[in-house]
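> give the three-dimensional model of this entry:
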Amino acid sequence: MQYLTGRTAVVSGGGGGIGLAIAARLAAAQVATAVADIQLPPDFPANIHPFTCDITSASAVDTLFAGVLDTLGVPDILVCSAGRGIHEKLIEGDPEKWQQVIDVNLMGVLRMVRAFVPGMLAAGKGDVVFVSSVAAGQAYAYGGIYAATKTALEVLAETLRQEVLPKVRVTVVAPGVTDTAFLANTISGCQTVETIGYGALSAEEIADAVLYALDKPRGIAVNYIRLRPVAQSF
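Below is the predicted model of the structure:
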């Protein structure tokens, strides 16, 4: 990991699942890493700096920004991994629940970008990674709200890429079914890896894809990675 050593990173959704796997990989690559999540496990790795933060709250993100700045300085890697799922029909669902998903998957990401990317631009370098989903651009029954947020996220990612090049690189990583607590924590729905039936990726495999994109010379940008279990049909 010759292009990562000595850098600094902040990872949203780093309390578990894909976010924690990414943070662990970054820390192992000698990246000074902070994580932000609404809940953090009690046995958090000693070489990662944890911050409790609800990214849907403007004041909480402001507090996070100040804490990361005080602890690590201006990070030059931002990984937006926090996300919520929902699985329900549009004609039967609860708009209040939809708003929760939108607030995390879109507004939370935008708050993180607005807080941390200006410092990267001022420093003249940086990387932003968005954890999306193969659901982006894919209409499917019961998945309309989640898929819509991930579709919008990818539009935002491409917009950001155009606005910050050539100083900051932007990468979207779009996984298929992944074996984490994400499905168990969906706001509505009761899917599992077994009921979906495609098999599953591990969080560590997603993290490896993120580090593949980040560990490149500054003149190379890996802008999009899609990976899924081989049996997954979309």
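> so who does residue 108 touch?
Neighbouring residues of residue 108 by CB atoms under 8 Å, 6 or more residues apart in numbering: 12, 55-56, 80, 82. In short, each C-beta sits where N, CA and C put it, glycine included.
> parallel or antiparallel, list what pairs with the lengthiest strand in the chain.
When the chain is parsed with DSSP state E, its longest strand is strand 168-175. Paired neighbours of strand 168-175 in the sheet (DSSP bridges): strand 126-131 (parallel), strand 224-227 (parallel).
> what comes up buried for the least confident helix or strand in the chain by mean pLDDT?
Scoring the helices and strands of the chain by mean pLDDT, DSSP states H and E places helix 193-196 at the bottom, with a mean of 90. For helix 193-196, burial by neighbour count (16 or more other CB atoms under 10 Å) applies to residue 193.
> where does the spatially closest residue to residue 169 that is not a sequence neighbour land on pLDDT?
Of all residues not flanking residue 169 in the chain, residue 221 sits nearest, at 4.4 Å (CB to CB, 6 or more residues apart in numbering). What the model reports as pLDDT for residue 221 is 98.
> residue 221 is in what secondary structure piece?
Using DSSP states H and E, residue 221 sits in no helix or strand.
> can I get the contacts of residue 108 in a markdown table including pLDDT?
Formatted as a markdown table, those follow (pLDDT from 0 to 100):
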| residue | pLDDT |
| --- | --- |
| 12 | 98 |
| 55 | 98 |
| 56 | 97 |
| 80 | 98 |
| 82 | 97 |
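> between those, which is nearest residue 158?
Relative to residue 158, the closest of the contacts of residue 108 is residue 80; by CB to CB it sits at 14.2 Å.
> contacts for the helix ranked longest in the chain?
Ordering each helix of the chain by length in residues (DSSP state H) puts helix 144-164 first. Residues outside helix 144-164 that contact it (CB under 8 Å, 6+ apart): 85-88, 90, 93, 98, 101-102, 105-106, 109-110, 113, 117, 120-121, 126, 128, 130, 132-133, 135-140, 168-170, 172, 174, 221, 223.
> make a ChimeraX selection of the buried ones in the residues you listed.
Applying 16+ other CB under 10 Å to the contacts of helix 144-164, the buried members can be selected in ChimeraX as follows:
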select :85,86,87,88,93,98,101,102,105,106,109,113,117,120,126,128,130,132,133,135,136,168,169,170,172,174,221
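> filter the contacts of helix 144-164 down to the ones in helices?
Using DSSP H, the contacts of helix 144-164 in helices are 98, 101-102, 109-110, 113, 117, 120-121.
> returning to what we had before: just the angle between the longest helix of the chain and strand 126-131, please?
170 degrees (axes from the mean of the first three to the mean of the last three CA atoms, to 10 degrees).
> what comes up buried for helix 144-164?
Result for helix 144-164 [16+ other CB under 10 Å]: buried residues 144-151, 153-154, 156-157, 160-161, 164.
> how close does the closest residue to residue 231 other than its chain neighbours sit to residue 105?
Nearest-residue entry for residue 231: residue 198, 4.7 Å, with adjacent residues in sequence omitted and distances by CB to CB, 6+ apart. To residue 105, residue 198 is 22 Å away according to CB to CB, to the nearest Å.
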